[in-house]
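Participant: Take this sequence and fold it.
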Amino acid sequence: MAIQTAFDLLSKPPAELPAVAAVYGSDTTLRSWVLAALSADGDVTSFDGDVVRWADLRDDLATASLFDFDGKRSIIVRDADKFVSNHRPELEKYVSKPGTSNRFLLDLSSLASNTRLYKAIAGDHLVVACTSTSDKKLGITATTRRKFLCGYVAKRHQAVLAADAADALVEMIGDEIGMLETEIAKLALYRGPGEVIDEPLVRDVVAGWQGKTVWQITDAIASGDAAEAMRQLDKLMSGGQRPIALLPQIAWSLRRLGMATAVVEHREREGRSVQLEDALAAAGINRPSEIQQAKKQLRGLGRARGKQLLPWLLDADLRLKGTHSAEGRDRFLLEQLVMRMAKSG
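Facilitator: Presented below is the predicted three-dimensional model:
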């Protein structure tokens, strides 16, 4: 059939559901929604991919459910990465000629596009990429993410979400759909039917004490007060905030300070004079109150740390989505980053 993103499939489900589908990606909320959409027309039997063997599935795949009169039973292998590695030949054979009694769904964190299994499922059936991070190859952009939040996610809570409010949520929380949906559900309680959730409401409600604490972390980092930064970070994580959601909030203002430093460095290398206000404006800091605060923070950071902000933040973002995505390792990475950024001298 095709390769689709979760955004496309959930917004406009296919008229004909496939016999086999591979649902993969780092966003577990999107994966769960896609699996639910693909199995909504019948009974569901699930298996744990860490322990199930092909022999355990063979009979189920060949046997129709006694209770599905209008739809197909869906057989789902959840967390199927290990299962796929152990049974690739059997899966390739089944995908080439699947049974007609059931629908077979593989739930994976990743699936390499250069494998025969991926190509076979994408060619004759359906592959669904479940990620909300911008990806040119998949066609996922800030625009498509915004449209999905304002459409599919907001409608789940009978809410009307403005475009700038959706952008503010991503800016403050990150792009993980589960976290964004939780906040949209809360915001829906502040508006009546048909009333719009706008950007001011997002910044007022979502920020709250957590937003103030993030600013305290930023100030502590800029002033070189590592102990205070760590105290405030622990307060947020003890309150249930996950590192992958906290990093974008902490990085938002620090990234702009790093960009301003980069502008100063670039213009100095060209032998051009530069006013700090011009560098801040180039980094998107234009409001008078923001300019004064940013000047104070840049003076506290100093040139050496300011130059390192962008590479440090990029490295942390990549690691949190890769090698340090597991619980425990993610917290260690964020604490290490804050300590590094807040270390003066």
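Participant: I figured Glu268 hits Ala279, correct?
Facilitator: No. Counting by C-beta atoms under 8 Å, Glu268 does not reach Ala279; the two are 10.3 Å apart. All C-beta spots, glycine's among them, are computed from the backbone N, C-alpha and C.
Participant: Looking at these two, which one has more neighbours?
Facilitator: Counted by other C-beta atoms under 10 Å, Glu268 and Ala279 do not tie: Ala279 has more neighbours, with 21 against 11.
Participant: which residues touch the more buried one?
Facilitator: 260-261, 263-264, 267 (C-beta atoms under 8 Å, 6 or more residues apart in numbering).
Participant: From Gln292, how far off is it?
Facilitator: Relative to Gln292, Ala279 is positioned 14 Å away (C-beta to C-beta, to the nearest Å).
Participant: before we move on, the earlier item: as JSON lines, the contacts of Ala279 with distance to Val52 would be great.
Facilitator: Formatted as JSON lines, these follow (distance: C-beta to C-beta, whole Å):
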{"residue": "Ala260", "distance to Val52": "53"}
{"residue": "Thr261", "distance to Val52": "53"}
{"residue": "Val263", "distance to Val52": "55"}
{"residue": "Val264", "distance to Val52": "58"}
{"residue": "Arg267", "distance to Val52": "60"}
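Participant: Restricted to helices, list these.
Facilitator: Those of the contacts of Ala279 mapping onto helices are 260-261, 263-264, 267, per DSSP state H.
Participant: which of the residues you listed has the most neighbours?
Facilitator: Ranking the ones in helices among the contacts of Ala279 using other C-beta under 10 Å puts Ala260 first, with 26 neighbours.
Participant: Just list the residues touching that residue, thanks.
Facilitator: Ala260 neighbours (C-beta under 8 Å, 6+ apart): 276, 279-280, 282-283, 285, 294, 298, 306.
Participant: and of those residues, the nearest to Thr133?
Facilitator: Set against Thr133, the nearest of the contacts of Ala260 by C-beta to C-beta is Ala283 (22.9 Å).
Participant: can you give me the helices in the stretch 1-150 of the chain?
Facilitator: Counting by DSSP state H, counting those that start in this stretch, the stretch 1-150 of the chain has helices at residues 6-11, 28-38, 54-62, 81-86, 88-96, 116-124, 142-148.
Participant: could I get these as JSON lines with mean neighbour count and distance to Leu106?
Facilitator: Output for the helices of the stretch 1-150 of the chain, formatted as JSON lines (neighbours: other C-beta atoms under 10 Å; distance: least, C-beta to C-beta, whole Å):
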{"stretch": "helix 6-11", "mean neighbour count": "21", "distance to Leu106": "15"}
{"stretch": "helix 28-38", "mean neighbour count": "20", "distance to Leu106": "10"}
{"stretch": "helix 54-62", "mean neighbour count": "13", "distance to Leu106": "11"}
{"stretch": "helix 81-86", "mean neighbour count": "16", "distance to Leu106": "7"}
{"stretch": "helix 88-96", "mean neighbour count": "15", "distance to Leu106": "8"}
{"stretch": "helix 116-124", "mean neighbour count": "17", "distance to Leu106": "8"}
{"stretch": "helix 142-148", "mean neighbour count": "17", "distance to Leu106": "23"}
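Participant: ChimeraX command for the buried members of the contacts of Ala260?
Facilitator: ChimeraX command restricting those to the buried ones, with burial defined by 16 or more other C-beta atoms under 10 Å:
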select :279,280,282,283,285,294,298,306
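Participant: what does the model give Leu117 for pLDDT?
Facilitator: We have a pLDDT of 95 for Leu117.
Participant: what does the one 5 residues further on give?
Facilitator: On pLDDT, Ala122 comes in at 93.
Participant: Would you check that it makes contact with Ala2?
Facilitator: Yes. In this structure Ala122 lies within contact range of Ala2 using C-beta under 8 Å: 7.2 Å.
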